[in-house]
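Student: what's the 3D shape of this:
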Amino acid sequence: MRVLTKEEFLMERLFLFKKIIHDAVFIHPTDTIYGIGCNAESEEAVKKVRKIKQRQDNPFSVIAPSKEWIKENCEADAKAEEWIDKLPGPYTLILKLKNKECIAKSVNLGLDTLGIRIPEHWISEVIEEFGKPIVTTSANVTGGNFMTNVDDLDSSIKSKLDFVVYEGEKKGRPSEILDLSKEEITRKKR
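Tutor: Next up is the predicted model:
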């Protein structure tokens, strides 16, 4: 497993984009905590993340490449539009999908909703340049402690990663979840 600084990642990003297109699984920083990521359009890559996380039953969220991507692929009524306009930020918006082909089926397990993030973090600009959604789920085995620094990353995860983008210890909490797919907004802090 290769650990890259932000600067190394940015310098090598075109090479790394090719690796991500070809099913690489990696750790990425966000504005809250570290996440395990992969190309959300790749069924093979998403299945690797499910195996690493030991998480078969719950959907994953994605970091969207842009607000336009969200509006093209998800239903957005007036209240959802308000939240989309507030992005980037430390929350996950759950929206109804209007284009189920925009992600691999195993991302959301065939549900008609998708959790979407655009972190207030430089990683969002890189994902916008990449142009595809990236799975984002806490860097831990399901039920375990999430990664705050590279030294506390579970060894069973380390051995299955292609690379880690590391920028030091994170002291944040997972993003707040806002379910906008129903009549009434449901908020959940993690």
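Student: Can you verify my assumption that Glu128 contacts Glu68?
Tutor: No. Glu128 is beyond contact range of Glu68, at 9.8 Å (criterion: CB atoms under 8 Å). Any C-beta I mention is one placed from the backbone N, CA and C, and that applies to glycine too.
Student: of those two, who's got more company?
Tutor: Taking neighbours as other CB atoms under 10 Å, Glu128 and Glu68 compare with Glu128 leading, 16 against 11.
Student: which residues of this structure fall in strands?
Tutor: Remark: strands assigned in the chain by DSSP state E are 2-4, 26-28, 35-37, 61-63, 91-96, 113-117, 134-138, 163-165, 176-179, 186-188.
Student: tell me the mean pLDDT for the fourth one?
Tutor: Mean pLDDT, taken over the full extent of strand 61-63, equals 98.
Student: what do you get for the second one?
Tutor: Across strand 26-28, pLDDT averages out at 97.
Student: just the helices in this structure please.
Tutor: Secondary structure of the chain (DSSP state H): helices located at 6-11, 13-21, 43-53, 67-73, 78-86, 105-108, 122-130, 155-158.
Student: which phi and psi does Asn58 have?
Tutor: Per-residue torsions, Asn58: phi -110, psi 140 (degrees, to the nearest 10).
Student: From Ala45, how far out is it?
Tutor: For Asn58, the distance to Ala45 equals 17 Å [CB to CB, to the nearest Å].
Student: of the two, who's got more company?
Tutor: More neighbours surround Ala45 than the other of Asn58 and Ala45, with 26 against 11 (other CB under 10 Å).
Student: Could you give the bridge partners of the residue positioned nearest the centre of the chain?
Tutor: Among the residues of the chain, the one closest to the centroid is Thr136, at 1.9 Å (CA atoms, centre = their mean). Note on Thr136: beta-bridge partners by DSSP bridges are Ser61.
Student: what's it in contact with, if anything?
Tutor: Thr136 makes contact with His28, Thr30, Gly35, Ile36, Gly37, Phe60, Ser61, Val62, Ile63, Arg117 under the criterion CB atoms under 8 Å, 6 or more residues apart in numbering.
Student: Mind pulling up the pLDDT for it?
Tutor: Model confidence at Thr136, given as pLDDT, is 97.
Student: I'd like the distance between it and Glu41.
Tutor: Where Glu41 is concerned, Thr136 sits at a distance of 14 Å (CB to CB).
Student: residues contacting the residue nearest to Leu97 when sequence neighbours are not counted?
Tutor: Leaving out its chain neighbours, the residue that sits closest to Leu97 by CB to CB, 6 or more residues apart in numbering is Leu114, at 5.2 Å. Residues near Leu114 by CB under 8 Å, 6+ apart: Pro59, Ser61, Val62, Asn73, Cys74, Ile94, Leu95, Leu97, Ile103, Val107, Asn108.
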